[in-house]
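S.K.: Model the following, please.
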Amino acid sequence: MPLPQVVAVAEHSPAERCGVWPGDELRSINGQVPRDVIEYQLLADEPIVDLVVVRGGVELEVTVQKQAGEPLGLEISAAIFDRVRTCDNHCEFCFIYQLPKGMRRSLYLKDDDYRLSFLYGNFTTLTRFTEADLERVIDERLSPLYVSIHATDPEVRSRMLRNRRGAMSLRWLRCLLDNKIAVHGQIVVCPGLNDKAVLHGTLAGVLDRFPELETLAVVPLGVSRYSKEPAMRAHTTHEARTTVETVHEWQEQFGRAVGRRLVWASDEYYLLAGMELPEASAYEGFPQHENGIGMVRAFEESFEKDPGSNVHRGGETVTPARTGFFAWVEGAPAEGYRAPRATAIKLGRRPPVTKGVPVTVLTARYGELVLAPLLERNGFSHVRLLRVENEFFGGNIAVAGLMTGPDLSRAIATQLGGGRYLLPDVCLSKGRFLDGSSLDDLPVAVEVVPSDGASLRKVLEETR
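M.R.: Residues are numbered from 1 along each chain as shown. Take a look at the predicted model:
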């Protein structure tokens, strides 16, 4: 297998003091070859760490002495050093099958690796999970994990995954819960397949078989214009409303049975149905924030809190929005769209901060539904929203995180009026959009703003 490469060495760290360089390849730690950054951390936690690195084709031995548990100070090129366990399901609703050709190769990788579930919050179906995997998860307490359930009926689940092992793979979920591993679940609802009566049956199955789940997210199917599955379609407004009502009904049932709501519908469902979202307190700490559960309320609270305080105007503590499920492991890279976001990236010449200067916020259709009333009730009348229609993916894709360079350029060209253009960072990874274009390809200079409400408000207050 290819050796993991050191991509960064922290200044004044034990590794830097002992002469480890960026570009070195890591062959072994204390005589062992780690399979991933999880094993890397366990080995690197020792007070004496014997490294074998390869530099320019030459093996070098480096001994690092430090405090036990002190970070070594390295960032490695990948989270998994051996082969990523790929997904052998063929789900007709899988979004990777709905991507256009010509994008970055990494975007087409379908993983079903429990290690990436632990590290980054990727959802695994457990169809490739083994006894050895279970033993490692238990021994090393790799918790929490994230599991795609979709349906508890074996026949429905097997059909959805297009994998006969899908009928029985939830037995591993039972084993994980029996061994006190925290698990968050999700159900991707496909109209006509696992909605309505099947969804009721799935939630009943969760209550009967998996009541120890930490949380369960119910999210709608996303369909791009590249989907080749004729049975896959977007929800109607009525279907979205029915799904939300089903979740509300089962929240009450779970509340009576296990003392907590356990299941939530994604914000997208409420926006599709034109229904009022639950209050922030109903999300019990936003445990599936990045999966679209409670994002709107968390954003609103962050936007409307008193400047310089952690208290909401109504007196309740604001729960900070999370940027990812990444469980910190020393050495692990923050990969892909869970990478740390820049607190502020400014391109070109920033216009002088002038009261009343035109400000344009670039957002997608769902973002417009949330931001328009929020800006109005907070007195930001000089701020204009520019809705970016997603023609790149098409279908029912309407979230800000999937905005691309060509669509942004097309939208900006219709409203070139000077002033400041603000873009949420959630649609960027390492400075690039999903289509591979960069900020430099846009027709105007834009300011990238972190995707929490407080950051946006801070910028808007400058020009009120």
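S.K.: Tell me the first helix or strand C-terminal of the lowest-mean-pLDDT helix or strand in the chain.
M.R.: With mean pLDDT, DSSP states H and E as the measure, the helix or strand of the chain carrying the lowest mean pLDDT is strand 345-346 (a mean of 43). If you walk from strand 345-346 toward the C-terminus, the next helix or strand you reach (DSSP states H and E) is strand 359-363.
S.K.: Identify the residues contacting that next one?
M.R.: Strand 359-363 is contacted by residues 371, 382-388, 400, 403, 408, 411-412, 415, 417, 419-424, 446, 456, 459-460, 463 when judged by Cβ atoms under 8 Å, 6 or more residues apart in numbering. Backbone N, C-alpha and C define where each C-beta goes, glycine included.
S.K.: Apply 7 Å and report the result again.
M.R.: 371, 382-388, 400, 408, 411, 415, 419-424, 460, 463 (Cβ atoms under 7 Å, 6 or more residues apart in numbering).
S.K.: for stretch 90-109, same thing?
M.R.: Under the contact criterion Cβ under 7 Å, 6+ apart, stretch 90-109 has outside partners 84, 86, 110, 160-163, 188, 190, 221-222, 224, 226-227, 229, 231-232, 434-436.
S.K.: Which of those fall within strands?
M.R.: Within the contacts of stretch 90-109, membership in strands is found for V188, as judged by DSSP state E.
S.K.: Now do the helices in the protein.
M.R.: Assigned by DSSP state H, the helices in the chain fall at 14-17, 37-44, 114-120, 131-140, 154-161, 171-178, 196-209, 237-258, 267-273, 295-304, 365-377, 405-413, 453-461.
S.K.: how about a markdown table for those, with distance to G285 added?
M.R.: As requested, the helices of the chain are exported to a markdown table (distance: least, Cβ to Cβ, whole Å):
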| stretch | distance to G285 |
| --- | --- |
| helix 14-17 | 36 |
| helix 37-44 | 26 |
| helix 114-120 | 20 |
| helix 131-140 | 24 |
| helix 154-161 | 29 |
| helix 171-178 | 20 |
| helix 196-209 | 20 |
| helix 237-258 | 15 |
| helix 267-273 | 16 |
| helix 295-304 | 10 |
| helix 365-377 | 20 |
| helix 405-413 | 33 |
| helix 453-461 | 17 |
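S.K.: Go through those helices and pick out the most buried.
M.R.: Stretch with highest mean neighbour count among the helices of the chain: helix 114-120 (a mean of 24; mean count of other Cβ atoms under 10 Å).
S.K.: Please export the C-alpha coordinates of that helix as CSV.
M.R.: Once side chains and other backbone atoms are set aside, the C-alpha atoms of helix 114-120 remain, and they are given as CSV (Å, rounded to 0.1, in the frame of the first residue of the first chain):
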residue,chain,number,x,y,z
TYR,A,114,-16.8,2.4,9.6
ARG,A,115,-13.5,4.3,10.2
LEU,A,116,-14.7,7.2,8.1
SER,A,117,-18.0,7.0,9.9
PHE,A,118,-16.2,7.5,13.2
LEU,A,119,-13.8,10.2,11.9
TYR,A,120,-16.0,12.3,9.6
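S.K.: Off-centre distance for stretch 147-160?
M.R.: Computed by Cα atoms, centre = their mean, to the nearest Å, the chain-centroid distance of stretch 147-160 equals 22 Å.
S.K.: Compute the mean per-residue pLDDT across it, please.
M.R.: The average pLDDT for stretch 147-160 rounds to 98.
S.K.: Can you measure across it, start residue to end residue?
M.R.: Stretch 147-160 has an end-to-end distance of 15 Å (Cα to Cα, to the nearest Å).
S.K.: so who does G418 touch?
M.R.: G418 sits next to P358 when contact means Cβ under 7 Å, 6+ apart.
S.K.: I'd like the distance between it and L371.
M.R.: With distances taken as Cβ to Cβ, to the nearest Å, G418 is found 21 Å from L371.
S.K.: Then R365?
M.R.: Plainly put, R365 is 11 Å away from L371 if you go by Cβ to Cβ.
S.K.: Quick check on the contacts of strand 359-363: which are buried?
M.R.: 371, 383, 385-388, 400, 408, 411, 419-424, 460, 463 (16 or more other Cβ atoms under 10 Å).
S.K.: What about the residues you listed, which are in strands?
M.R.: Judged by DSSP E, the buried ones among the contacts of strand 359-363 include V383, L385, L386, R387, R420, Y421, L422, L423, P424 as members of strands.
S.K.: Grab the two from these that are most spread out in space.
M.R.: In terms of Cβ to Cβ, these reach their longest pairwise distance at R387 and R420, which sit 17.5 Å apart.
S.K.: As JSON lines, the ones in strands among the buried ones among the contacts of strand 359-363 with pLDDT and distance to N291 would be great.
M.R.: What follows is these, written out as JSON lines (pLDDT from 0 to 100; distance: Cβ to Cβ, whole Å):
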{"residue": "V383", "pLDDT": "93", "distance to N291": "28"}
{"residue": "L385", "pLDDT": "96", "distance to N291": "25"}
{"residue": "L386", "pLDDT": "96", "distance to N291": "27"}
{"residue": "R387", "pLDDT": "97", "distance to N291": "24"}
{"residue": "R420", "pLDDT": "89", "distance to N291": "31"}
{"residue": "Y421", "pLDDT": "94", "distance to N291": "29"}
{"residue": "L422", "pLDDT": "95", "distance to N291": "25"}
{"residue": "L423", "pLDDT": "96", "distance to N291": "23"}
{"residue": "P424", "pLDDT": "94", "distance to N291": "17"}
